[in-house]
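Colleague: Quick one, what's the 3D model for this:
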Amino acid sequence: MTAVGFRVKSGYAIAVVLEGSRQAPRPVASRIIEMSDPAIAETRQPYHDGFYKTEENAREIARRVAIVKRCAQKSVAALLDSIVGLPPRSSRANTRERRRAALVVGSLIDPATVANPHIRAHAHEGQLFRTVLEESLAAHAVDCDVIVEKQLASQAATELGRPASAVARTVASFGKTLGGRWRAEEKAAATAAWLVLRA
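Modeller: Next up is the predicted model:
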């Protein structure tokens, strides 16, 4: 089985791909998935208008959100096309068992409940990038779990049946195998991928 974990950020996500099983996970790849247009800086934070200011123009927000959706769809399609082990979209047999992903997010807060305009803008962006990534994966028949980062370590220890320290050591070893950048975001994405490995 192949699974993908994502640490969702504003404008992009870190993706880590694992294969194998929960008992014997193997790292395959780690990469950055763009969900904004590098040539259009405001798509990184579409609900902001510069530093510490919120964007109030609804049409401008809608334009940016449309760009974000296109970028996410393109990036997810490219990622899934590159992963050996994920069947093509046209292959329906056992698709639900084999195509799995998990998103690690900072919060699931409803932006409408946030009084402070600047914090509300951040909440809107968190919600936006999470949902466009979920929708892009769903379009390729990839089922998704969403995990709040603060709960990730305890959930991993419980579901994987290992002490948190053992989970952390295994995830650290993935970074040594893959090489390159291996920070908190990659570790969170790898842990999430491990959680959705089923076989």
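Colleague: elements contacting the helix or strand encompassing Ala188?
Modeller: Secondary-structure assignment from DSSP states H and E places Ala188 in helix 184-196. Packing partners of helix 184-196 (3 or more C-beta pairs under 8 Å, 6 or more residues apart in numbering; DSSP states H and E): strand 2-8, strand 12-20, strand 25-34, strand 99-105, strand 143-148, helix 149-160, helix 164-178. From N, CA and C alone the C-beta is placed, and that goes for glycine too.
Colleague: What mean pLDDT does the third one get?
Modeller: Averaged over strand 25-34, pLDDT sits at 96.
Colleague: Sheet partners, orientation included, of that strand?
Modeller: Paired with strand 25-34 in the same sheet, following DSSP bridges, are strand 12-20 (antiparallel).
Colleague: Next, the angle from the strand it pairs with to helix 184-196.
Modeller: Here the directions of strand 12-20 and helix 184-196 differ by 40 degrees (axes from the mean of the first three to the mean of the last three C-alpha atoms, to 10 degrees).
Colleague: Let's test this: mean pLDDT of strand 12-20, rounded?
Modeller: Regarding strand 12-20, the rounded mean pLDDT is 96.
Colleague: Name the stretch among the helices and strands packed on helix 184-196 that sits most buried.
Modeller: Most buried of these by mean neighbour count (mean count of other C-beta atoms under 10 Å) is strand 2-8; its value is a mean of 28.
Colleague: Just the CA coordinates for it, please, in CSV.
Modeller: Extracted in CSV, the C-alpha atoms of strand 2-8 (Å, rounded to 0.1, in the frame of the first residue of the first chain):
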residue,chain,number,x,y,z
THR,A,2,1.0,3.6,-0.6
ALA,A,3,-0.1,6.5,1.6
VAL,A,4,0.6,10.3,1.5
GLY,A,5,0.8,12.6,4.5
PHE,A,6,0.6,16.4,4.2
ARG,A,7,1.5,19.2,6.6
VAL,A,8,-0.7,21.9,5.3
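Colleague: The closest residue to Gly20 other than its chain neighbours: what's it in contact with?
Modeller: Leaving aside its chain neighbours, Gly20 sits nearest to Arg26 (4.5 Å; criterion: C-beta to C-beta, 6 or more residues apart in numbering). Contacts for Arg26 (C-beta atoms under 8 Å, 6 or more residues apart in numbering) come out as Leu18, Glu19, Gly20.
Colleague: elements contacting the biggest helix by length in the chain?
Modeller: Using DSSP state H, we find that the single longest helix of the chain is helix 58-82. Packing partners of helix 58-82 (3+ C-beta pairs under 8 Å, 6+ apart): strand 25-34, helix 117-138.
Colleague: In it, which residues are buried?
Modeller: Residues of helix 58-82 classed as buried: 61, 64-65, 67-69, 71-73, 75-76, 79-80 (neighbour count, 16 or more other C-beta atoms under 10 Å).
Colleague: Pull the distance from it to the chain's centre.
Modeller: 14 Å (C-alpha atoms, centre = their mean, to the nearest Å).
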